[in-house]
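*Asks:* Okay, sequence plus prediction incoming.
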Amino acid sequence: MAEIMDPTRAAQPSLAIDLDEVGEVVCARLHGYVDAETAPQLDEQLQAVRAREMRNVVVDFSDVTHLSSQGVAVLMRNLMVLRDAGGDLRLAGLNPRLREILLALAMVDVFQSHPDAAAAIASFGA
C-alpha cells in the first residue's frame, strides 16, 4: 500500500530539532516531519537528552506536518524510559491532524498533551 504524501512535505527540510533547557525540563522543538527516515534522528536526540540525566522532556510539534507510526514508536519508547527514571515526556502543539494520528494508534491518552510548549513546560512545575 502506498503512503499518501503530505503536499507540504516536499518543500520542507526533513527534520530539524532545537533543544532548549528551561530549568529541569528540556524542550525539543521539531520542525518538518517525523517518519521512518527521520524518526531515528529524533530518537538519537532524545537519547542524548537522557544521557545528560534530564528526565523531563517536552516535544513541541507546533511546526510538524506529519507523524508516522515509527515516530510514535520513538516517542513511546522514550516515554517509558523517562517514566521508569521518574520523569515524563509530554507533547505540545499537536495540530488536529497529528492528534488524529495518535487517536488512530490508540496513543492519544498515553501522552500528556498541552496546547503549546509553555503550557507543557509549566506542567512540570518549571
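*Replies:* Sure, I can see it.
*Asks:* When you work out contacts or count neighbours from here on, use the C-alpha atoms and nothing else.
*Replies:* Noted.
*Asks:* Rounded mean pLDDT for the lengthiest helix in the chain, please.
*Replies:* With secondary structure taken from DSSP state H, the chain has its longest helix at helix 69-84. What helix 69-84 shows for mean pLDDT is 96.
*Asks:* other SSEs contacting the very next helix or strand once past that helix?
*Replies:* Helices and strands here follow DSSP states H and E; after helix 69-84, the next one along the chain is strand 88-92. Using 3 or more Cα pairs under 8 Å, 6 or more residues apart in numbering; DSSP states H and E, the elements in contact with strand 88-92 are strand 56-67, helix 69-84, strand 112-114, helix 117-122.
*Asks:* quick one: buried residues of the next helix or strand after strand 88-92?
*Replies:* Sequence order places helix 96-104 as the next helix or strand after strand 88-92, per DSSP H and E. Neighbour-count burial for helix 96-104 flags 98-99, 101-102 (criterion: 16 or more other Cα atoms under 10 Å).
*Asks:* hmm, back to that, packing partners of the longest helix of the chain?
*Replies:* Packed next to helix 69-84, using 3+ Cα pairs under 8 Å, 6+ apart, are helix 39-51, strand 88-92.
*Asks:* quick one: contacts of the shortest one?
*Replies:* Outside of strand 88-92, the residues that reach it under the criterion Cα atoms under 8 Å, 6 or more residues apart in numbering are 55-62, 75, 78-79, 82-83, 111-117, 119-120.
*Asks:* Residue 66 contacts residue 38, doesn't it?
*Replies:* No: using Cα atoms under 8 Å, residue 66 makes no contact with residue 38, being 10.9 Å away.
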